[in-house]
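Undergrad: Quick one: sequence plus predicted model below, questions after.
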Amino acid sequence: MKAPDFLQKFERNVRAVLQQAKTEEEIVVGIRPLLKSLLVHEEWLPENYQQPLSDQYASYLVYKPDDEAFAVIAFVWGPGQSSPVHDHLVWGVVGVWKGTIEEARFRPKQKETDGATIVLEQVETVTAHAGDVSHVYPPSRDIHRVSNPFDSTAITLHVYGADIGSLERNVYDLATGKIRKVITGHQNQRAIYS
Ligand SMILES: [Fe+2]
């Protein structure tokens, strides 16, 4: 499907930020207001991409330009569904399009890790409603868990510095401290918009 006008304009603005920003923190600071102003658009996702899966949260690749300078991904969170505790290894801006989610943020308790285990401590938990925007970037603000403990479906729109569905990342087991490598993929093979 052809990208709607507001998405094309968004791409131009994102590229302007990427050209000027010198750090990942500057990138997310620049992109946060761009995503926030876009969350009001009702036509972000066709209806069939807004339905939750029965067994896990859904990940849909919304848009990825040919040079993969960034990627837009939508997640659909059914009531009670949650991500594992995970990192991204790339900058990301997270916006709530519909419903309400909970984001728990973590950081390593110690600097050194053997690569197989790590002890994390919870920094904070934030409840985010439609229109709210959050962000991640490595290494200082990269580990979190997103969940929907509420009664209705939530949909979040994320912008990352890469297609994180094809990037090898880490999932953390809080109880054992074990780190597991994952490539999460998406429910759809081709992006919704091109
Ligand atoms: Fe995440």
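TA: Now that the structure is in, tell me what you want to look at.
Undergrad: Beta-bridge partners for the spatially most central residue of the chain, please?
TA: Nearest residue to the geometric centre of the chain (CA atoms, centre = their mean): H158, 4.2 Å. Beta-bridge partners of H158, counted by DSSP bridges, are I73, V94.
Undergrad: let's have the chain start at 9 instead
TA: Will do, 9 is the new start, and the previous item becomes H166.
Undergrad: so it touches W99, yeah?
TA: No: H166 sits out of contact with W99 when judged by CB atoms under 8 Å, with a separation of 10.8 Å. C-beta: built from backbone N, CA, C; applies to glycine.
Undergrad: Now P73: closest residue in space, sequence neighbours ignored.
TA: E19 (6.5 Å; CB to CB, 6 or more residues apart in numbering).
Undergrad: cool, and D181?
TA: Nearest to D181 is R188, by CB to CB, 6+ apart, at 7.2 Å.
Undergrad: Can you classify that neighbour by secondary structure?
TA: The three-state label given to R188 by DSSP: H, G, I helix; E, B strand; the rest coil is strand.
Undergrad: what packs against the host helix or strand of the residue nearest to P73?
TA: Assigned by DSSP states H and E, E19 belongs to helix 13-28. On a contact count with 3 or more CB pairs under 8 Å, 6 or more residues apart in numbering; DSSP states H and E, helix 13-28 meets helix 32-46.
Undergrad: quick one: average pLDDT of the helix it packs on?
TA: Per-residue pLDDT values over helix 32-46 give a mean of 96.
Undergrad: Over to stretch 77-90?
TA: Stretch 77-90 comes out at a mean pLDDT of 98.
Undergrad: Using CSV, write out every CA atom in it.
TA: The C-alpha coordinates for stretch 77-90 follow below in CSV (Å, rounded to 0.1, in the frame of the first residue of the first chain):
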residue,chain,number,x,y,z
ALA,A,77,17.5,4.6,8.0
PHE,A,78,14.6,4.0,10.4
ALA,A,79,11.6,1.7,10.7
VAL,A,80,8.1,2.1,11.9
ILE,A,81,6.6,-0.9,13.7
ALA,A,82,3.2,-1.3,15.3
PHE,A,83,2.5,-3.6,18.3
VAL,A,84,-0.9,-4.9,19.2
TRP,A,85,-1.3,-5.8,22.9
GLY,A,86,-4.3,-7.9,23.9
PRO,A,87,-5.5,-7.6,27.5
GLY,A,88,-3.0,-9.4,29.8
GLN,A,89,-0.3,-9.7,27.1
SER,A,90,3.3,-8.6,27.8
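Undergrad: Off-centre distance for it?
TA: 6 Å (CA atoms, centre = their mean, to the nearest Å).
Undergrad: Provide a list of residues in contact with the residue nearest to D181.
TA: 178-181 (CB atoms under 8 Å, 6 or more residues apart in numbering).
Undergrad: correct me, but G173 touches S67?
TA: Yes: contact criterion CB under 8 Å: G173 and S67 qualify, at 6.3 Å.
Undergrad: For those two, list the residues in contact with both.
TA: Contact criterion CB under 8 Å, 6+ apart; residues shared by G173 and S67: 81, 192-194.
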